[in-house]
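Colleague: no FASTA, just this:
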């Protein structure tokens, strides 16, 4: 599947991924009251598999004989699965409008990974981007409660929700790098299919090893009642992943992830509209500052 003729449209796919990502965070927050973090993470991936698997009829380029492809699928699946678990864990512990903007750190992690692999360092504009990200993260922790200046910083560093969201951002950064490798060796939709198959399998193995009673908790009375929201969540997750893979096939991972982090702004608005979360102006300002930092990083 050659999409080179549509390379100039990569930003549209990244924006679409941002919208689907923010929307799935809002739905996940609603379902977090009915399911445990592990069960919800597996359900999301299984529902996404139902949506993605039919693509195998047209897109089935799986070069597993190539060592780089197998590594990208395995490590990308593990890291992406862990990232999904960290996102759900964060949403169990804090607000949607805090999780979304913290995820804007993802492009920064991508740049660090690229530096470790290639030795490339950001220029002066990149330094400005780092400072803006730090400033935005600090503003995000501020509220109208009039707390001391050091308390918001401590909350950003030690609040369980912020910590899990930061770990999720790091995981998704690593997964994007492995994803780009896999896409270059096959094509974006074929890679979307194989990731959709591998992720729930890896998650099921990890969760079963961690908790021997995990399988007995999969079938609950809440499953039938929440079936429609779960299917919606799976659809949003699948569309986000497909848009991700297409964008990664058209541009650098840092660029694609930077634009996708506009989901932080969507998350602030959705958190306000659906859950009446407070301090919208402060969080929206923080989102904008962090997005400017991401933009400076990618341009630097």
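Modeller: Great, that's in hand. In this text, all values refer to a predicted model and were calculated from it rather than measured experimentally. Numbers count the residues shown, from 1 in each chain.
Colleague: The helix or strand where residue 76 lies: how far from the chain's middle?
Modeller: Assigned by DSSP states H and E, residue 76 falls within helix 67-93. Between the centre of helix 67-93 and the centre of its chain there are 9 Å (Cα atoms, centre = their mean, to the nearest Å).
Colleague: which helices and strands sit right next to that helix?
Modeller: Packing partners of helix 67-93 (3 or more Cβ pairs under 8 Å, 6 or more residues apart in numbering; DSSP states H and E): helix 10-31, helix 37-52, helix 96-102, helix 160-185, helix 188-210. Bear in mind the C-beta positions are built from the backbone N, C-alpha and C, glycine included.
Colleague: Tell me the first helix or strand C-terminal of the last one.
Modeller: Under the assignment DSSP H and E, the closest C-terminal helix or strand after helix 188-210 is helix 221-225.
Colleague: Now the element after that following helix, going C-ward?
Modeller: Trace forward from helix 221-225 with DSSP H and E and the next one is helix 227-250.
Colleague: in that following helix, what counts as buried?
Modeller: Neighbour counts using 16 or more other Cβ atoms under 10 Å place 230, 233-250 of helix 227-250 among the buried residues.
Colleague: still on that earlier bit, tell me the angle of the helix holding residue 76 relative to helix 160-185?
Modeller: Relative orientation of helix 67-93 versus helix 160-185 (axes from the mean of the first three to the mean of the last three Cα atoms, to 10 degrees): 160 degrees.
Colleague: what angle separates helix 67-93 from helix 188-210?
Modeller: The directions of helix 67-93 and helix 188-210 differ by 60 degrees, with the same axes, to 10 degrees as the criterion.
Colleague: I'd like the average pLDDT over helix 67-93.
Modeller: On average, the pLDDT along helix 67-93 is 82.
Colleague: Which positions within it qualify as buried?
Modeller: Here helix 67-93 shows 69, 72-73, 75-93 as buried, counting by 16+ other Cβ under 10 Å.
Colleague: residues contacting the closest residue to residue 49 other than its chain neighbours?
Modeller: Setting aside the residues directly before and after it, residue 49 is nearest to residue 196 in space (Cβ to Cβ, 6 or more residues apart in numbering), at 4.8 Å. Going by Cβ atoms under 8 Å, 6 or more residues apart in numbering, residue 196 touches 45, 48-49, 52-53, 238, 241.
Colleague: Check residue 78 too.
Modeller: residue 202.
Colleague: how much space between it and residue 71?
Modeller: Using Cβ to Cβ, to the nearest Å, residue 78 is found at 11 Å from residue 71.
Colleague: ok so, going back, check the helices and strands packed on helix 67-93 for me: which has the lowest mean pLDDT.
Modeller: Looking at the helices and strands packed on helix 67-93, the bottom one is helix 96-102 with a mean of 63.
Colleague: Quick check: next helix or strand after that one?
Modeller: Helices and strands here follow DSSP H and E; after helix 96-102, the next one along the chain is helix 106-118.
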